[in-house]
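[1] using only what follows, build the 3D model:
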Amino acid sequence: MPFAAIEAAKLYREGYAPEIWLTHSAEPGETLEEMGIPFAGEDYYDTRVLIHEGVPPKRFTSSNLHCEYRRRNQSRCGHLARGNAGTVIFVTTKVHTRRVRLLWRRLAPGQGRAIVRAASGDPFDPRHWWRTTSDALDWCAKSWL
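    Numbers count the residues shown, from 1 in each chain. Modelled structure (predicted):
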């Protein structure tokens, strides 16, 4: 956050995406809820970023889909993939691009075309991820499939 929402708004303004579907992870919300700590959620902030970036509220949907990238939750992402027979542009972080492409191929074979786009403002450096602690932690935490 907020790089993917900013990128999605850019694609909308440039005419590549007539609508935006927001998905969100179950975490950290589920863990915080167990601890009795309220969490507004990524979609709360993403919708505000989209409005700030000029996307009319009627052009985006905050879905109840939890798009987790763990094997046990892949079918949840499949609902999104199967729901559109045209072209879908997935905007994600740089570290997630390969995973998103693999999930699309596995969950929606032959069900439209997917373009996987990394948020251009994402500071993660895939060529030198080991040089900074934050990039190394990001890569290590998200490199499993």
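[2] how about the residue nearest to the spatial centre of the chain, what does it touch?
    Ranked by distance to the mean C-alpha position of the chain (Cα atoms, centre = their mean), the top residue is Thr92 at 4.4 Å. By Cβ atoms under 8 Å, 6 or more residues apart in numbering, the contact set of Thr92 is Ala4, Val100, Val116, Arg117, Ala118, Ala119. (Glycine included, C-beta is placed from N, CA and C.)
[3] let's see 7 Å
    Going by Cβ atoms under 7 Å, 6 or more residues apart in numbering, Thr92 touches Ala4, Val100, Val116, Ala118.
[4] quick one: which of those is nearest Ile20?
    If you rank the contacts of Thr92 by distance to Ile20 using Cβ to Cβ, Ala4 comes first, at 10.1 Å.
[5] the closest one: which element?
    Counting by DSSP states H and E, the element that carries Ala4 is helix 3-13.
[6] next SSE downstream of that helix?
    Note on helix 3-13: by DSSP H and E, the next helix or strand toward the C-terminus is strand 20-24.
[7] want to throw the contacts of Thr92 into CSV with neighbour count and secondary structure?
    As requested, the contacts of Thr92 are exported to CSV (neighbours: other Cβ atoms under 10 Å; DSSP: H, G, I helix; E, B strand; the rest coil):
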residue, neighbour count, secondary structure
Ala4, 23, helix
Val100, 20, helix
Val116, 18, strand
Ala118, 20, strand
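[8] can you map out the helices along the chain?
    Remark: helices assigned in the chain by DSSP state H are 3-13, 29-34, 42-52, 74-82, 97-107, 133-142.
[9] circling back to that earlier point, least confident of the contacts of Thr92?
    Least confident entry in those, by pLDDT: Val100, with 82.
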